[in-house]
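Visitor: Sharing a sequence plus its predicted fold:
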Amino acid sequence: MEYRKLGRTDIEVSAVAMGCWALAGGPTWGPQEESDSIATIRAALDVGVTFFDTAEGYGAGESERVLGEALAGRRHEAVIATKVSRANLSGAEVQRACERSLKFLQTDYIDLYQIHWPSRTVPLEETMAALVRLQEQGKVRAIGVCNFGVGDLDDLFEVEWVETNQVPYSLLWRAIEYEIQPKCVEKGMGLLCYSPLVLGLLTGKF
């Protein structure tokens with residue numbers, strides 16, 4: 001397994017991360033056996049995957065809860081990334097959302113806390129100030145964003161530095177190569193790529 005630094009931090013992560021959306025089941029993924037999910041997470045750890053990405057929006061915390069169960073006793077082996085939902089980006093809600101995620105994940109810190117989608121109503125300054133406070137409290141090690149386009153990134157760079165931008169990228173979806181990827185590289189921002197297999201399409205699953 002290859003390992004890399006997360007953004008400009010000293011946090012080392014496996015180059016391959018395990019996305020944990022499917023752990024929540026629901027209409028997108030169908031019913032999931034919790035025992036299978038936990039076994040999968042532990043098998044990933046056993047082969048050197050250390051980076052696990054989830055979100056409060058995945059099954060209203062269900063994905064976080066299952067991940068927390070699976071990492072019980074092995075938290076020190078994992079780097080956990082989770083996300084605060086667009087509906088919770090006001091200053092007070094960011095704090096509350098983080099506390100809920102910590103409880104579900106059975107941990108006292110989140111390695112990478114990300115804005116899941118940019119807000120069009122809450123000022124970015126307000127959200128970033130709340131995230132920085134969480135970092136100062138020791139509840140968050142690094143801050144990232146997800147689904148930020150070029151204009152969103154320009155706004156972000158005027159407010160605060162973050163370590164990563166998580167965006168969709170695969171053999172079938174390469175749109176980020178035009179503007180988003182070059183801008184992130186120029187600024188030294190790490191790129192996290194989600195849906196590299198297009199929700200299973202590229203595996204022959206369908």
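Guide: The structure has been received and is ready for your questions. Numbering: from 1, shown residues only.
Visitor: State the next helix or strand along the chain beyond the lowest-mean-pLDDT helix or strand in the chain.
Guide: Across the helices and strands of the chain, the lowest-confidence element by mean pLDDT, DSSP states H and E is helix 26-29, at a mean of 90. Remark: after helix 26-29, the chain's next helix or strand is helix 34-46, criterion DSSP states H and E.
Visitor: Can you give me the buried ones in that following helix?
Guide: Neighbour-count burial for helix 34-46 flags 37, 38, 40, 41, 44, 45 (criterion: 16 or more other C-beta atoms under 10 Å). Using the backbone N, CA and C atoms, a C-beta is placed for each residue, glycine as well.
Visitor: Tabulate these (JSON lines), appending distance to residue 185.
Guide: JSON lines is the format used below for the buried residues of helix 34-46 (distance: C-beta to C-beta, whole Å):
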{"residue": "37", "distance to residue 185": "34"}
{"residue": "38", "distance to residue 185": "37"}
{"residue": "40", "distance to residue 185": "32"}
{"residue": "41", "distance to residue 185": "31"}
{"residue": "44", "distance to residue 185": "28"}
{"residue": "45", "distance to residue 185": "30"}
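Visitor: Would you check which pair of the residues you listed lies furthest apart?
Guide: Of all pairs drawn from the buried residues of helix 34-46, the greatest distance, 13.2 Å, lies between 37 and 45 (C-beta to C-beta).
Visitor: what sits up against the least confident helix or strand of the chain?
Guide: By C-beta atoms under 8 Å, 6 or more residues apart in numbering, the residues outside helix 26-29 that reach it are 21, 22, 59, 199.
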